[in-house]
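[1] starting from these lines, generate the structure:
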Amino acid sequence: MKRTQIKDFEKIDQAKDLDYIVKDKRTGKRANKKKAKRRKRHYEVMLLKHFKKNYQGLPKEVER
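    Numbering: from 1, shown residues only. Alright, predicted model coming up:
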């Protein structure tokens with residue numbers, strides 16, 4: 001399993017997509033659950049930051 005990459009922000013269509021995109025390949029090796037949750041949250045924030053920075057808006061045919 002690959003870990004979450006920065007370029008994965010391109011796969012986000014809806015907020016619930018973050019649960020499927022964010023992966024931590026070391027989940028079982030973390031010291032405890034709290035640190036694993038913190039790491040996952042770090043990946044989610046990182047992806048959202050890059051999504052916000054690179055968001056182009058809706059395609060013209062979808063806009064009303």
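
[2] could you use CA atoms for every contact and neighbour count after this?
    Fine.

[3] any idea how far Tyr20 is from Thr4?
    10 Å (Cα to Cα, to the nearest Å).

[4] where does pLDDT dip in this structure?
    1-2, 58-64 (pLDDT under 70).

[5] all strands for it, in order.
    With strands called from DSSP state E, the chain shows none.

[6] list the buried residues of the lengthiest helix in it.
    Longest helix in the chain, counting residues (DSSP state H): helix 33-54. Neighbour-count burial for helix 33-54, counted by 16 or more other Cα atoms under 10 Å, picks out Ala36, Arg39, Lys40, Tyr43, Glu44, Leu47, Leu48, Phe51.

[7] I'd guessed Leu47 sits against Ile6; true?
    Yes. Using Cα atoms under 8 Å, Leu47 is in contact with Ile6, at 6.2 Å.

[8] follow-up on the earlier one: which one's more surrounded, Tyr20 and Thr4?
    The neighbour count for Tyr20 versus Thr4, taken as other Cα atoms under 10 Å, is higher for Thr4 (18 against 9).

[9] how near is that one to Gly57?
    24 Å.

[10] count of neighbours near Phe9?
    For Phe9, using other Cα under 10 Å, the count is 23.

[11] equivalent analysis for the one 3 residues further on, please.
    The burial count assigned to Ile12 is 15, neighbours taken as other Cα under 10 Å.

[12] would you agree it is in contact with Leu18?
    Yes. Applying Cα under 8 Å, one finds Ile12 in contact with Leu18, separated by 6.9 Å.

[13] so who does Ala46 touch?
    To be clear, residue 46 is Met; Ala isn't right here. Contacts here follow Cα atoms under 8 Å, 6 or more residues apart in numbering; on that basis Met46 touches Ile6.

[14] meant to ask about Arg3
    Val22, Lys23, Asp24, Lys25 are the contacts of Arg3 under Cα under 8 Å, 6+ apart.

[15] if any of those residues are buried, put those into a ChimeraX selection.
    Buried residues within the contacts of Arg3, by 16+ other Cα under 10 Å, are selected in ChimeraX with:
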select :22,23,24
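
[16] which residues does Val22 contact?
    Counting by Cα under 8 Å, 6+ apart, the residues that Val22 touches are Arg3, Thr4, Lys40, Tyr43, Glu44.
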